[in-house]
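Asks: output the structure for:
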Amino acid sequence: MTVYRWLMALSARNQLKGRITEITLGDIMAHVVVKIGKHTIESVITRRSAEYMKLKKGDTVEVIIKSTEVILKK
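Replies: Okay, here's the model as predicted:
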């Protein structure tokens, strides 16, 4: 398995700490729901990554958002 050691130095500016409230493992992908304050963010990652990180409900994680486009609505 490839280990992404470069993840320690990040260029992403949007980093939010939260807690996993739900994780569903599929055959190939994992759906992870993270509660950040009163909001939730959902992520789809590979099952291999979820297993490697040993993610489980209740874990504290950082959600890191790297995007070329962020849309605001008022």
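
Asks: return the residues in contact with Met29.
Replies: Contacts for Met29 were tallied using CB atoms under 8 Å, 6 or more residues apart in numbering; they are Val44, Ile45, Thr46, Arg47. Glycine gets a C-beta too; all of them are placed from N, C-alpha and C.

Asks: actually Val33, not the one I typed
Replies: Each residue near Val33 by CB under 8 Å, 6+ apart is listed here: Ile20, Thr21, Glu22, Ile23, Thr40, Ile41, Glu42.

Asks: looking at those residues, which are in strands?
Replies: Among the contacts of Val33, the residues falling in strands (DSSP state E) are Ile20, Thr21, Glu22, Ile23, Thr40, Ile41, Glu42.

Asks: which non-adjacent residue is nearest the most centrally placed residue in the chain?
Replies: Central residue of the chain (CA atoms, centre = their mean): Val63, 4.7 Å from the mean position. Excluding the flanking residues, the one nearest Val63 by CB to CB, 6 or more residues apart in numbering is Leu16, at 4.7 Å.

Asks: can I assume the one you found sits in a strand?
Replies: Yes. Assessed with DSSP: H, G, I helix; E, B strand; the rest coil, Leu16 lies in a strand.

Asks: now the contacts of Met29: which count as buried?
Replies: Buried members of these, counted by 16 or more other CB atoms under 10 Å: none.

Asks: inside strands: which ones of the residues you listed?
Replies: Those of the contacts of Met29 lying in strands (DSSP E): Val44, Ile45, Thr46.

Asks: so which of those is the closest to Met53?
Replies: Closest to Met53 out of the ones in strands among the contacts of Met29 is Ile45 (8.7 Å), distances taken as CB to CB.

Asks: check contacts around the residue nearest to the closest one when sequence neighbours are not counted.
Replies: Using CB to CB, 6+ apart and skipping the chain neighbours, the partner closest in space to Ile45 is Ala30 (5.4 Å). Going by CB under 8 Å, 6+ apart, Ala30 touches Ile23, Thr24, Val44, Ile45, Thr46, Arg47, Ser49, Ala50, Leu55.
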